[in-house]
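Visitor: Structure, please.
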Amino acid sequence: MLHEAGDGGQCGYVDGLVLPVPQDKKDAYRAFAQTTAAAFLEHGATRVVDTFGNDVPVGKITDFHRAAKVHDGETVAFGWIEWPSKQVRDTAWERLMSDARLSAGGDRPFDGKRMMFGAFVPVVDR
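Guide: So this is what the prediction gives:
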């Protein structure tokens, strides 16, 4: 079913992220993503998707590589977390901040300083 913002349908809420990951740490990134996905789902997310760059072109003006300041030997990871509502997401984030699965500290297989993230309201959900 198609939902558009303002049509009375449930569009939910989405957290999105883009980050650079060393290509030789793909397996470590996958393991980290599986662990954090379990935490998000337990705290109310309806879907968690993490991807590892495969065909990410370098653009002429801007691109994912520039946005994430990708270094040689790295690729871009892109992911999102779907929530039933902003309220569920906000409540979950409060609990997630104390969840040990998200506080890997220096053991993260990526440079968190170059991670971009934000929260979005869907305008089309097909």
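Visitor: which phi and psi does residue 19 have?
Guide: Main-chain torsions, residue 19, degrees, to the nearest 10: phi -150, psi 150.
Visitor: Check residue 76 too.
Guide: phi -100, psi 130.
Visitor: shift numbering so it begins at 4
Guide: Will do, 4 is the new start, and the previous item becomes residue 79.
Visitor: which ones are touching it?
Guide: 21-24, 56, 59, 67-68, 71, 73 (C-beta atoms under 8 Å, 6 or more residues apart in numbering). Glycine gets a C-beta too; all of them are placed from N, C-alpha and C.
Visitor: quick one: low-confidence parts of this protein?
Guide: 4-14, 107-109 (pLDDT under 70).
Visitor: Which of the contacts of residue 79 fall within helices?
Guide: 67-68 (DSSP state H).
Visitor: Just put the contacts of residue 79 in TSV and tack on neighbour count and distance to residue 37.
Guide: Output for the contacts of residue 79, formatted as TSV (neighbours: other C-beta atoms under 10 Å; distance: C-beta to C-beta, whole Å):
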residue	neighbour count	distance to residue 37
21	17	19
22	24	16
23	22	19
24	27	14
56	19	18
59	17	22
67	20	23
68	18	25
71	25	21
73	21	23
